[in-house]
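Engineer: need a structure here:
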Amino acid sequence: MSPLSGPAGRERTSPGERTDAPRRHATAHPRAPLTPLTWLYAPGDRPEVVRKALSSGADVVIVDLEDAVAPHRKAYALDATADLLADVHPVPVHVRVHTPLDIPTLAPLPGLRGLRVPKVTHATDIHRIADLAPGLPLYPLLENALAVEHAYAIATAHPAVRGIALGEADLRADLGVREDSGLDWPRGRVVVAARAAALPPPAQSVHPDIADLDALAAGCARGRAMGFFGRAAIHPRQLPVIERAYLPTPEEVDAAREVVEAAATEQGALALPDGRFVDAAVVEGARRILALAARTG
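Structural biologist: Residues are numbered from 1 along each chain as shown. This is a model prediction of the structure:
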């Protein structure tokens with residue numbers, strides 16, 4: 001797919017915009033709608049699989065009209081997805097479109113909460129997509145070297161952009177990378193670009209081996225250390241592994257609570273009894289941990 005183009009902007013909200021973040025639990029420190037942790041792909045030409053995905057526990061279900069659908073089934077996948085999106089579902093439903101020609105069919109439907117836009121390479125690619133889907137959150141996928149170089153420009157291209165992510169299968173092929181470590185620099189680049197653009201941390205790309213859950217867990221641990229938040233999945237069995245990797249441990253929650261409680265009684269920088277130095281940045285990080293822990297109830 002080749003995206004299209006339109007005007008630039010920086011604000012992250014607009015009147016009448018459809019929100020895509022699930023609201024499962026209130027947090028102790030409400031700041032914004034919860035950032036999704038798990039994003040489950042389901043093929044658009046298999047509506048029965050999509051409906052199972054909606055009850056899987058994923059934070060967001062992404063109906064895939066691109067790589068997961070054979071060329072001769074694209075039209076059927078679009079029609080089946082339009083039927084699904086005629087209704088609003090408790091779980092936010094996004095669609096990864098195959099072509100901009102899909103968008104006029106999908107954009108007016110009440111059940112659509114976001115568009116995944118593949119193969120974005122320039123900021124100008126975003127503009128006409130936004131014109132085709134006014135008020136709908138957009139999530140550009142960066143899938144080649146040029147897109148990674150333009151990550152910040154893409155992230156700030158339009159107010160409709162609500163997040164960015166890598167498409168690692170295509171990016172790996174474009175770069176000729178065999179080892180996973182060869183993607184460390186692009187991964188760091190997209191994390192920094194998202195933060196600089198005041199977007200949520202990006203979710204990791206999918207782990208393609210649904211049987212190797214240990215490798216999935218190890219990859220999630222590396223992603224969390226790099227600044228990612230959550231991960232896309234291609235099978236429901238991957239969801240609890242992703243959640244365990246990204247949700248804070250009891251020890252992390254206890255330490256964060258101690259920091260927040262200490263900050264509530266003393267202003268400015270302070271030292272905890274165990275010698276840890278605490279300043280405003282540390283307190284903010286502790287609050288994020290408590291908010292994340294509250295997702296589990």
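Engineer: now Y76: how far from P140?
Structural biologist: Distance check for Y76 against P140: by Cβ to Cβ, to the nearest Å, it reads 26 Å. In short, each C-beta sits where N, CA and C put it, glycine included.
Engineer: the more surrounded of those two?
Structural biologist: Using other Cβ atoms under 10 Å as the criterion, Y76 and P140 rank with P140 on top: 30 against 14.
Engineer: where does S181 land in three-state SS?
Structural biologist: helix (DSSP: H, G, I helix; E, B strand; the rest coil).
Engineer: Mind listing the strands the lowest-mean-pLDDT helix or strand in the chain pairs with, and their directions?
Structural biologist: One helix or strand of the chain scores below all others by mean pLDDT, DSSP states H and E: strand 270-271, with a mean of 78. According to DSSP bridges, strand 270-271 forms sheet pairs with strand 277-278 (antiparallel).
Engineer: and the partner strand, how far from the chain's centre?
Structural biologist: 31 Å (Cα atoms, centre = their mean, to the nearest Å).
Engineer: Contacts for it, please.
Structural biologist: With Cβ atoms under 8 Å, 6 or more residues apart in numbering as the test, strand 277-278 has contacts from 259, 262-263, 269-272.
Engineer: count of neighbours near G227?
Structural biologist: Applying other Cβ under 10 Å, we find 15 other residues in the vicinity of G227.
Engineer: ok, it to A68 distance?
Structural biologist: Distance from G227 to A68, by Cβ to Cβ: 28 Å.
Engineer: coming back round to it: for the contacts of strand 277-278, which one is nearest L175?
Structural biologist: Proximity of the contacts of strand 277-278 to L175 (Cβ to Cβ) peaks at V259, which lies at 40.1 Å.
Engineer: For the closest residue to the closest one other than its chain neighbours, report the pLDDT, please.
Structural biologist: Spatial nearest neighbour of V259, excluding adjacent residues (Cβ to Cβ, 6 or more residues apart in numbering): A286 at 3.9 Å. Looking at A286, its pLDDT reads 90.
Engineer: By neighbours, which of the contacts of strand 277-278 wins?
Structural biologist: Ranked by neighbour count (other Cβ under 10 Å), the contacts of strand 277-278 have V259 at the top, with 22 neighbours.
Engineer: And the strands in the stretch 101-250 of the chain?
Structural biologist: 112-117, 138-142, 165-166, 231-233 (DSSP state E, counting those that start in this stretch).
Engineer: Reformat those strands as CSV; add distance to A153 and mean pLDDT.
Structural biologist: What follows is the strands of the stretch 101-250 of the chain, written out as CSV (distance: least, Cβ to Cβ, whole Å; pLDDT from 0 to 100):
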stretch, distance to A153, mean pLDDT
strand 112-117, 15, 98
strand 138-142, 11, 98
strand 165-166, 16, 98
strand 231-233, 23, 98
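Engineer: Tell me which of those strands sits nearest to P90.
Structural biologist: Per Cβ to Cβ, nearest to P90 of the strands of the stretch 101-250 of the chain: strand 112-117, 11.2 Å.
Engineer: any idea which helix is longest in this structure?
Structural biologist: In terms of residue count, the longest helix belonging to the chain (DSSP state H) is helix 250-265.
Engineer: Report the mean confidence score over that one.
Structural biologist: 88.
Engineer: doesn't the residue nearest to V259 fall inside a helix?
Structural biologist: Yes - A286 forms part of a helix when assessed by three-state DSSP.
Engineer: What distance do you get for P104 to Y139?
Structural biologist: Using Cβ to Cβ, P104 is found at 19 Å from Y139.
Engineer: Can you give me every residue that contacts V260?
Structural biologist: V260 is in contact with 283, 286-287, 290, counting by Cβ under 8 Å, 6+ apart.
Engineer: let's go with 6 Å and repeat that
Structural biologist: By Cβ atoms under 6 Å, 6 or more residues apart in numbering, the contact set of V260 is A286.
Engineer: repeat for A80
Structural biologist: P47.
Engineer: Tell me the secondary structure at it.
Structural biologist: On the basis of three-state DSSP, A80 is classed as helix.
Engineer: circling back to that earlier point, contacts for the least confident helix or strand of the chain, please.
Structural biologist: Contacts for strand 270-271 (Cβ under 6 Å, 6+ apart): 277-278.
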